[in-house]
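Novice: sequence and computational prediction follow.
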Amino acid sequence: MIHYTCDRCKRTINTIDQPRYVVQIEIQSVVDDPLDDHVADIEREADEDIDYLSELHQSLEGVVELPDETAGESNHRGRYDLCCNCHNQFMKNPLGRDTMAAIGFSNN
């Protein structure tokens, strides 16, 4: 029999009595290229010049690409099991935004 543990609260999940929720997260580092929008506009206007613009775009992409080692450090894939209670908490605040707002300071 396979035993599941909630990755958030570390409690055992009894899959017979309660559902098990799986959260899959994929984080990718993205560098926006301001030339992409400009090249896309030009390609739409002049379909006959697509080959020329594609070559230009490919050569410009080579200038902005990050080295593989830097890009790999900020990419992440994860799969997490959650119990019913932790799933409800996750759905209320998936990015944890309210955590910092809950800390109160005096107006001194």
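Specialist: Perfect, I can see it now. Quick caveat: nothing in here was measured; it's all calculated off a predicted structure. Residues are numbered from 1 along each chain as shown.

Novice: which stretches in the protein count as strands?
Specialist: Chain-ordered strands for the chain, with DSSP state E as the definition, fall at 4-5, 12-13, 21-27, 76-82.

Novice: okay, now the domains of this structure?
Specialist: For the chain, automatic domain parsing gives the domain ranges 1-30+76-108, 32-65.

Novice: tell me which of the strands of the chain is the most buried.
Specialist: Among these, ranked by average contacts under mean count of other Cβ atoms under 10 Å, first place goes to strand 12-13 (a mean of 16). Any C-beta I mention is one placed from the backbone N, CA and C, and that applies to glycine too.

Novice: do me a favour and average the pLDDT over it.
Specialist: Per-residue pLDDT values across strand 12-13 average out to 94.

Novice: which residues touch that strand?
Specialist: Contacts with strand 12-13, where a contact means Cβ atoms under 8 Å, 6 or more residues apart in numbering, come from 3-6, 20, 81, 83.

Novice: and residue 102, what's its pLDDT?
Specialist: Here the pLDDT value assigned to residue 102 is 57.

Novice: returning to what we had before: and of the contacts of strand 12-13, the nearest to residue 30?
Specialist: Proximity of those to residue 30 (Cβ to Cβ) peaks at residue 81, which lies at 27.9 Å.

Novice: against residue 21, how distant is the nearest residue to residue 4 once chain neighbours are set aside?
Specialist: Residue nearest to residue 4 in three dimensions, not counting chain neighbours: residue 13, with 4.2 Å by Cβ to Cβ, 6 or more residues apart in numbering. For residue 13, the distance to residue 21 (Cβ to Cβ, to the nearest Å) stands at 9 Å.

Novice: mutual contacts of those two, please.
Specialist: For the pair residue 13 and residue 21, residues contacting each of them under the criterion Cβ under 8 Å, 6+ apart are 81, 83.

Novice: about what we covered before: going by mean pLDDT, which of the domains of the chain comes out lowest?
Specialist: Looking at the domains of the chain, the bottom one is domain 32-65 with a mean of 61.

Novice: contact partners for residue 75?
Specialist: For residue 75, the contact set (Cβ under 8 Å, 6+ apart) comprises 27-29.
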